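# I would like to see how this sequence folds:
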Amino acid sequence: MRKLHLALAAASLSTSAYAAVPLETCNGALFQEVLHANGEQLDARAVWLDKRLVRWPGAPSDGAYRLYHSPAASVVARVGGKVAGAAGSIKLDTSLTAVPQAAAERFKWVAAGPTLRVADADLARLPALHREQLVLVQEDARGMVVAATRIQSAGALDDLYAAAEGIRDLGATPAAKKTGFKLWAPTARQVALCTYDGPTATANAVHAMKLDEKTGAWSASLPRDLSGAYYKYAVDVVVPGAGLVRNLVTDPYSVSLNADSKRSYIADLDAPHLKPRGWDDTRPPATVQAPTDMVIYELHVRDFSLIDETVPESKRGKYTAFSETNSNGMKHLRALAQAGLTDVHLLPVYDIGSIPEVGCAMPQPSGAPDGESQQALIGKTAHTDCFNWGYDPQHFNAVEGSYASDPQDGARRIVEFREMVMNLHNAGLRVGTDVVYNHTFIAGQEEKSILDRVVP
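Down below sits the predicted model:
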């Protein structure tokens, strides 16, 4: 009876998963909707070495192996029983030839075990199968499960979609008479685009996106310039341990967002209204001829002016504080430049996931100098206060909103950041930013885990 239930669920979900995403999804309070739950927990012990080869460390070389798949994420593979809920399977044989040199070098850390091979007849099916739940199973002679595992997919996706390296227009690309959108999501079952007139407006439309089978990117083109509007993606994708999930996510390639990164902002960074007067002409001071000439000052944007009483209160801790050329801070930077300082290195100013951009806490610790009350007070608001060093990036290509005068307006942070750079140039200083791509804020199905929720 359980097998019948799983089979029916798989059949129904494989159809309904392709139903158009409703407009209500774009306006919902939830960042995810489980279309079909499957809480089965499996380790990912096997590894795709390329588009056709799989290594299963520690498994027997003489085992019988099948790759089961389900578009509805209905596969259940428990030791001692038969696989249930699958839409189909393909047989994998042990490869008798050497692993290609590039794959062998890349995955030399993978332990010994059988290298399994997808048959030539099944190769063309693999791109579509990667958009389903995949479970690799070792079976006995009766077809009973001996062991089951998920497969780490990076090697296969990189091989199958190598052409994606040539994509130059990921994100939103507005032009005079159209706006293009592109998202790399090769394992998604379906992707839709939600558009909004403003940062808090309800969605005005939802648009189906089209998959490019060669690159794994989904795209849509709307016949008007949407600069100044906002958008999100609805991504239907199989999530291990969760099932088939519809994730409502911002764009990993966002150039700006609204407050707390709830929606991506559509912008042409060359648009005149996003350029402060003189932006096109500003240049870094010609003070460095070689890297060894650099004298670097590391600076935290908020801390630079937060307690500087020569800065208007509304500008303290903001990009706009750097426009106060007679403040103590700017005088100090000019003096350092005259003394030989060449560069200001800004601590992370990309969109930071750990700082609330609206309503963050400002603890005011007090107590005896040798007391512990200060630490206790700060600890209560550690996850909601206005400070963080910033090594918690959510969107690498957008600047942080908590340092802007209006974080809700996607344009303000762009303009004010550029004004800050110009003011530092005028003070005789070059500007660099601290970007570390191996830092990410959070993972899995957490709301701010935009990379994992697009490609789990």
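# Apart from its chain neighbours, what residue comes closest to residue 318?
The shortest distance from residue 318 to any non-neighbouring residue, by CB to CB, 6 or more residues apart in numbering, is to residue 403 (5.4 Å). All C-beta spots, glycine's among them, are computed from the backbone N, C-alpha and C.
# give me every residue that touches that neighbour.
By CB atoms under 8 Å, 6 or more residues apart in numbering, residue 403 lies in contact with 301-302, 317-319, 349, 413, 416-417.
# okay, it: pLDDT?
pLDDT for residue 403: 99.
# any idea how far it is from residue 441?
As judged by CB to CB, to the nearest Å, residue 403 and residue 441 stand 17 Å apart.
# in which helix or strand would I find residue 419?
In this structure, residue 419 is located in helix 410-426 according to DSSP states H and E.
# and stretch 301-310, how far apart are its ends?
Length of stretch 301-310, first residue to last, CA to CA, to the nearest Å: 16 Å.
# Give me the contact list for that stretch.
Residues from elsewhere that reach stretch 301-310 (CB under 8 Å, 6+ apart): 311, 315-319, 321-322, 324, 326-329, 346-347, 349, 386-387, 400, 402-403, 420.
# And stretch 352-371, by the same measure?
Surrounding stretch 352-371, the residues in contact under the criterion CB under 8 Å, 6+ apart are 259-261, 373-375, 377-378, 380-381, 383-388, 390, 392-394, 400-402, 407-408, 441-442, 448.
# what do you get for stretch 426-442?
284-285, 287-288, 296-298, 325, 330, 333-334, 337-338, 341-350, 352-354, 390-394, 396, 421, 424-425, 448-449, 451.
# which among these end up buried?
285, 287, 330, 333-334, 337, 341-344, 346-350, 352-354, 390, 392-394, 396, 421, 424-425, 448-449 (16 or more other CB atoms under 10 Å).
# thinking again about what came up before, can you tell me which of the contacts of residue 403 lies closest to residue 37?
residue 413 (38.5 Å; CB to CB).
# these two touch, right, the closest one and residue 256?
Yes: using CB atoms under 8 Å, residue 413 is in contact with residue 256, at 6.1 Å.
# joint contacts of the two?
Contact criterion CB under 8 Å, 6+ apart; residues shared by residue 413 and residue 256: 398-399.
# all helices for the protein, in order.
Here the chain has its helices, by DSSP state H, at 2-16, 23-27, 101-106, 126-129, 154-160, 301-305, 328-338, 373-380, 410-426, 450-454.
# and the closest residue to residue 159 other than its chain neighbours, what does it touch?
In this structure, residue 159 finds its nearest non-sequential neighbour in residue 51, 4.0 Å apart by CB to CB, 6+ apart. Residue 51 sits next to 118, 123, 126, 156, 159-160 when contact means CB under 8 Å, 6+ apart.
# Swap in 7 Å and give it another go.
Neighbour list for residue 51: 126, 156, 159-160 [criterion: CB atoms under 7 Å, 6 or more residues apart in numbering].
# What of residue 226?
174, 179, 195, 266 are the contacts of residue 226 under CB under 7 Å, 6+ apart.
# could you dump those to a markdown table with pLDDT, distance to residue 20 and neighbour count?
Listed next are those as a markdown table, based on pLDDT from 0 to 100; distance: CB to CB, whole Å; neighbours: other CB atoms under 10 Å:
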| residue | pLDDT | distance to residue 20 | neighbour count |
| --- | --- | --- | --- |
| 174 | 99 | 25 | 20 |
| 179 | 99 | 21 | 22 |
| 195 | 99 | 15 | 23 |
| 266 | 99 | 23 | 25 |
